[in-house]
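In: Model the following, please.
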Amino acid sequence: MNLLAPACTLELDRVRAVALQARRHCIEMAARGGCFLGAALSCVDILAYLYTTYLRLSPQQLEDPERDYFLLSKGHAVPALYGVLAALGYIPEERLHHHLQPEDAIYWHPNRSVPGVEFHFGSLGHGLAVALGIALECRLRRSPNRVVVLLGDGELNEGSVWEAALIAAAYRVEQLIAVVDRNRLQANMPTEELIPLEPIAEKFRAFGWGVLQVDGHDLAALHAAFSALPELPGRPSVIIAETVRGKGLPSMENRVDRWFCAIRPDELPALLAELYGGAAAPIPSAGSAE
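Out: Coordinates of the predicted model:
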C-alpha cells in the first residue's frame, strides 16, 4: 500500500475538486427527497482529504486486511461520504440517483451494502466504541491498520463516547484517530446553548488523548495535523476540526434551520450556481426544509 503522501506532493487541487463534486452530490440528494445537507457539508473537506490523501484505501482494497478503516459515527452526514465515494469511483455516480428509493440502500444513514461503508450508523454515540473494537482487533493481528472515526460535536453529549475514550487511553490504542466535526450546531440549536461542550480539547487531554485543533476547511492545515499523528506516542489521537454547517453554500452557512433540507426542484439550479461561484441563492427559513 502507498504510505501517506508527503506535504510537498499533496495535490490540493485534486482534493478540492473531489470536495466540490461531493458537495454537488449532497445538494442533488437534498433535491431527491431531502437529506441532512447542512450537517453533511460541514465535513465534506475532511472526508475528501482523508480519502484522497490519508487513508490507505482504494476501491480495489475494500477487503484488504491491512487497509485503513473510516467510520462515520455522525451517520446523518452520509451524503458527504456517499458523495466522496462516488467522486472517487467506489460507487457509480448514477447510484446516488436512487436516493431514498426502495430498490437501493442510499438513504439517510450509512448502510454496509454500499461499497466503502464499514458499519451501519444511525443512533449517535456508537462510532468511537466500534472504532476502538476494530483497532484492538487489528492490534491483536499485529496489523498496521489505522482506524479513523468522525464524530459530530453534539454527539459528545453521549456518555458512551467518553467510556470509549477512557478505554482507548487505558489500552494505549495509538492507531485510533477520532475527528470531531466542530460546527457548533446540533440539530436546530447551538451546542453551547443546549449542553455546553467546551473545553473539548482539555477534556480529551484529561482522558489521556493526544489533541490537535485545526480549521476543518483548510486542506493544508488538515494535512499538517494528520501528518503529525500520533500526537502523543502510545496514545489515541483526536483532531478537533472547526467547521461551518452548510459550508460551500453561503446562503445556508451557520444556519440552525439548515440541518435537514428538502430542496424543491426549482431551487436546485440557483443553489448549484451558488456552489460554483454564482450569486447566493436566498433560501427561506421555512417552506421546503424540515
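
In: So Leu96 sits against His25, correct?
Out: Yes. Here Leu96 reaches His25: they are 5.5 Å apart, a contact under Cβ atoms under 8 Å. Every C-beta, even on glycine, is put in place using the N, C-alpha and C of the backbone.

In: Need the residues touching each of those two.
Out: Common contacts of Leu96 and His25 (Cβ atoms under 8 Å, 6 or more residues apart in numbering): 82-83, 86.

In: can you tell me which residues contact Glu28?
Out: So Glu28 contacts 96, 268 (Cβ under 8 Å, 6+ apart).

In: where does it land on pLDDT?
Out: On pLDDT, Glu28 comes in at 93.

In: With only the CA atoms kept, save the one helix or strand it maps to in CSV.
Out: Per DSSP states H and E, Glu28 falls inside helix 12-30. This file holds the C-alpha atoms of helix 12-30, laid out as CSV (Å, rounded to 0.1, in the frame of the first residue of the first chain):
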residue,chain,number,x,y,z
LEU,A,12,-4.6,20.1,-3.0
ASP,A,13,-6.3,20.9,-6.3
ARG,A,14,-7.4,17.3,-6.6
VAL,A,15,-8.8,17.3,-3.0
ARG,A,16,-10.7,20.5,-3.7
ALA,A,17,-12.1,19.0,-6.9
VAL,A,18,-13.3,15.9,-5.1
ALA,A,19,-14.8,18.1,-2.3
LEU,A,20,-16.6,20.3,-4.9
GLN,A,21,-18.0,17.2,-6.7
ALA,A,22,-19.1,15.7,-3.4
ARG,A,23,-20.9,18.9,-2.4
ARG,A,24,-22.8,18.8,-5.7
HIS,A,25,-23.9,15.3,-5.0
CYS,A,26,-25.0,16.3,-1.5
ILE,A,27,-27.2,19.1,-2.9
GLU,A,28,-28.7,16.9,-5.5
MET,A,29,-29.6,14.3,-2.9
ALA,A,30,-31.3,17.0,-0.9
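
In: Centre of the chain to the helix or strand that that helix is followed by, how far?
Out: Of the helices and strands lying after helix 12-30 in sequence (DSSP H and E), the nearest is helix 37-41. Taking Cα atoms, centre = their mean, to the nearest Å, one finds the center of helix 37-41 at 10 Å from the center of the full chain.

In: Repeat that for stretch 87-95.
Out: Its chain's C-alpha centre and that of stretch 87-95 lie 17 Å apart, by Cα atoms, centre = their mean.

In: mean confidence score for that stretch?
Out: 91.

In: May I see the buried residues of it?
Out: Neighbour counts over stretch 87-95 (16 or more other Cβ atoms under 10 Å) mark 87-88, 90-91, 93, 95 as buried.

In: buried sites along the helix or strand where Ile134 lies?
Out: Using DSSP H and E, Ile134 maps to helix 127-140. Buried residues in helix 127-140, counted by 16+ other Cβ under 10 Å: 127-132, 134-136, 138-139.

In: Taking the residues you listed, tell me the two that lie furthest apart.
Out: By the measure Cβ to Cβ, Gly127 and Arg139 form the most distant pair in the buried residues of helix 127-140, at 18.5 Å.

In: In this protein, mark out all the helices, start to finish.
Out: According to DSSP state H, the chain carries its helices in the segments 12-30, 37-41, 44-49, 78-87, 127-140, 159-170, 191-194, 200-206, 219-227, 268-275.

In: Fine by me, we can end here.
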